[in-house]
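Asker: coordinates for the following, if possible.
(2 chains)
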Amino acid sequence: AQSVAQPEDQVNVAEGNPLTVKCTYSVSGNPYLFWYVQYPNRGLQFLLKYITGDNLVKGSYGFEAEFNKSQTSFHLKKPSALVSDSALYFCAVRSKGYGGSQGNLIFGKGTKLSVKP
Amino acid sequence: EPEVTQTPSHQVTQMGQEVILRCVPISNHLYFYWYRQILGQKVEFLVSFYNNEISEKSEIFDDQFSVERPDGSNFTLKIRSTKLEDSAMYFCASSDRTVSNQPQHFGDGTRLSIL
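Answerer: All right, here's what the predicted structure looks like:
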């Protein structure tokens, strides 16, 4: 069965410092990996995805993620955190679709990022 | 940028009552999804819908649940006889088929409270 693990419930970072939000995955075959962000009382906003190609993926708002096949990880990173980055971050893997389905998303439990001034 | 819209934002319903959650997916998208998020827990897949039929469903999506695309724009989730444990945020999502591996775009959700 495919799964995603986010080992940290919360990450605290000072503004201007680099941030990392960790994600590891377990899939059979090639993984399709995603990061989403959720602000309070809002839905999930797509940040970036890894399908194939370069292991370093760049996304929205200055975020990037590094795919590491040997460590089965897809950590989210940003070189310089902003207070406005404070939110809930979800890593997800897309399941294998059957028939006409593209497959659904399997989410990690989420990591709360808190950036202090 | 086009968005997925969901109504209502908050629905309060008595246990045992039927509830319909509504979604308007992005207009050129062909795949539609419902997810739910119980307070403090992870986002869970409920059902996917393509070409006017269910593509996949999870074990959560039992006989109390149904989905429908009644016209060219709306996508609805019906819970026939609500239970206390149905209280959650329900998210609708849609994705494009014309380009492969496109992300799912989510609405802001409907908070369903069962009393």
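
Asker: could you use CA atoms for every contact and neighbour count after this?
Answerer: Noted.

Asker: where does the closest residue to chain B within chain A fall, phi/psi-wise?
Answerer: With Cα to the nearest Cα as the measure, A:Gly43 is the residue of chain A nearest to chain B, at 3.7 Å. The phi and psi values for A:Gly43, taken as degrees, to the nearest 10, are phi -80, psi -170.

Asker: please name the nearest non-neighbouring residue to it.
Answerer: Spatial nearest neighbour of A:Gly43, excluding adjacent residues (Cα to Cα, 6 or more residues apart in numbering or on different chains): B:Asp108 at 3.7 Å.

Asker: who's in contact with that neighbour?
Answerer: Shown in contact with B:Asp108 (Cα atoms under 8 Å, 6 or more residues apart in numbering or on different chains): A:41-44, B:4-6, B:9, B:91.

Asker: between those, which is closest to B:Val47?
Answerer: Lowest distance from B:Val47 to the contacts of B:Asp108 (Cα to Cα) belongs to B:Phe91, with 11.0 Å.

Asker: may I have the beta-bridge partners of A:Ser3?
Answerer: A:Ser3 has these beta-bridge partners by DSSP bridges: A:Ser26.

Asker: I'd assumed A:Ile106 was in contact with it.
Answerer: Yes: the pair A:Ser3 and A:Ile106 qualifies as a contact (Cα atoms under 8 Å) at a distance of 6.6 Å.

Asker: the more surrounded of these two?
Answerer: Using other Cα atoms under 10 Å in any protein chain shown, the more surrounded residue of A:Ser3 and A:Ile106 is A:Ile106, with 21 against 16.

Asker: isn't there a helix covering the more buried one?
Answerer: No: looking at A:Ile106 with DSSP: H, G, I helix; E, B strand; the rest coil, it is strand, so not inside a helix.
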